[in-house]
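1. sequence first, then the predicted structure:
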Amino acid sequence: MKVSRQKWIDICRGLGIILVVFGHYMQTLHLKYNGIFTEIFYYIYSFHMPLFFFLSGFVYKKYTKKVFFKKKFKSLIVPLVTFTFLYTAYKYLIIGESIQLFDILICKSNSFIHLYWFIWTLLWTQIVYFFLDNIFGNNVYVMVISLVILTISMINNYCTVLIKLPFCLGNVIVLLPFYVFGVIYKENESKFGFNCLFLILVADILLCKIYNFGVSYALLAFDKWQIDYLKAILGIIIMVIISKKINVLKMDYLSITLQKIGRESLWIYLVHGFFFWGLFKKILFFIPDNNICIMLYTFIYTILTIFIIYLTIYIYRRVKERIRFDVLQFEK
């Protein structure tokens, strides 16, 4: 049961990171072409980031304070600081864009930190949950507290203040409930019968069609936050069901591919921003002005981006293992 569960989580991560990359390319099309591209862009953004907080909550494990912070330092802080430096240098060298310190601190959209807002927010969310879990020891209490704080913030329109807190700290209030939802779902997984995929999918699409507006969890921009949260929850449920179906139906090639992508989702997220300033927008001018052609090109470019990143990671790890093996052999 444990192995099966891990598989669907990686499958879900794989699907999620594909939507992240595809969504970022779709953002360009949404701004340029509107129409169907706007609808797809809005739909993806309605749940793709909450999905990762949900999955992160699902795999949460209790550790001592020392072990917890050691793991966070190694798994999040080190890669975050490293790629922050690389991406800042990259943008400066490629397009000559310099960034003010204040823009960095408040996560302004033109700063490097805006691309990595998710990892900053995930880091703070995990830390906040760690302390709340140790204080209350009951996830229902933690969920109630997080929803009360969220409601107060939304009713009083505190988002304009929260977004200005340094290093995306204010985003925690908005995304913590999804993280706690993941923890609660893990504890009660057998009680959740998310089997009516078609009905849930139809309900989600209709909701997105009726309330056709965008949401940004990065910039804490909502139109009707209650509806936005409902759409996010429905989207998460749909992705969980699809991931479990792929695992159960023994779709081996698809399942294995998505698992591999899912296991590298953090690194794909960290690296894919470097492709934004690449050939995507330049080649787009040469694509026939046809929705099908543009959509096909975007899908191919998404897959190509993920493939290149995954291949690079694979080669790096193989070389690293080889070097380690040679060192061990030399020491013997």
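-> Looks like it arrived, so ask away. As the structure is a computational prediction, the values presented were derived from the model and not from experiment.
2. contacts and neighbour counts: CA atoms only from here.
-> Fine.
3. scan the chain for its longest helix.
-> helix 291-331 (DSSP state H).
4. which helices and strands does that one pack with?
-> helix 2-32, helix 265-272 (3 or more Cα pairs under 8 Å, 6 or more residues apart in numbering; DSSP states H and E).
5. now do 7 Å
-> helix 2-32 (3 or more Cα pairs under 7 Å, 6 or more residues apart in numbering; DSSP states H and E).
6. tell me the buried residues in the helix it packs on?
-> For helix 2-32, a neighbour-count test (16 or more other Cα atoms under 10 Å) marks 7-30 as buried.
7. distance check, Tyr297 against Pro177.
-> 36 Å (Cα to Cα, to the nearest Å).
8. the two: who's more crowded?
-> Of the pair Tyr297 and Pro177, Pro177 is the one with more neighbours under other Cα atoms under 10 Å, namely 25 against 16.
9. quick check, that one in contact with Ser146.
-> Yes - using Cα atoms under 7 Å, Pro177 makes contact with Ser146 at a distance of 5.9 Å.
10. quick one: mean pLDDT over the helix or strand hosting Ile227.
-> Per DSSP states H and E: Ile227 is located in helix 225-248. For helix 225-248, the per-residue pLDDT values average out at 93.
11. one more: stretch 115-129?
-> So the average pLDDT for stretch 115-129 ends up being 92.
12. repeat that for stretch 47-54.
-> 97.
13. stretch 29-37 now?
-> Here the average pLDDT along stretch 29-37 is 86.
14. now do that stretch: distance from first to last residue.
-> Using Cα to Cα, the two ends of stretch 29-37 sit 6 Å apart.
15. residues contacting it, please?
-> Stretch 29-37 has contacts (Cα atoms under 7 Å, 6 or more residues apart in numbering) with Met26, Thr38, Phe41.
16. closest to Tyr90 out of those residues?
-> Met26 (22.4 Å; Cα to Cα).
17. and that closest one, how close does it get to Leu115?
-> Taken as Cα to Cα, the span from Met26 to Leu115 is 16 Å.
18. one more: Lys32?
-> Taken as Cα to Cα, the span from Lys32 to Leu115 is 20 Å.
19. likewise for Ile17?
-> 14 Å.
20. same question for Leu132.
-> 28 Å.
21. do the same with Glu321
-> 30 Å.
22. please apply the same query to Phe83.
-> In terms of Cα to Cα, Phe83 sits 10 Å off from Leu115.
23. got it, and Cys293?
-> 28 Å.
24. who's more crowded, those two?
-> Leu115 (19 against 12).
25. skipping adjacent residues, who's closest to the more buried one in space?
-> Gly273 (7.2 Å; Cα to Cα, 6 or more residues apart in numbering).
26. check the chain and tell me which residue is nearest its centre.
-> Met49 (4.2 Å; Cα atoms, centre = their mean).
27. so which strand or helix has that one?
-> Here Met49 is assigned to helix 48-58, by DSSP H and E.
28. can I get the CA coordinates of that helix in CSV?
-> The C-alpha coordinates for helix 48-58 follow below in CSV (Å, rounded to 0.1, in the frame of the first residue of the first chain):
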residue,chain,number,x,y,z
HIS,A,48,-1.8,24.0,-10.0
MET,A,49,0.0,25.7,-7.1
PRO,A,50,-2.4,24.7,-4.3
LEU,A,51,-1.9,21.1,-5.6
PHE,A,52,1.8,21.2,-4.7
PHE,A,53,1.0,22.5,-1.2
PHE,A,54,-1.5,19.7,-0.8
LEU,A,55,1.0,17.1,-1.9
SER,A,56,3.7,18.5,0.3
GLY,A,57,1.3,18.3,3.3
PHE,A,58,0.5,14.7,2.3
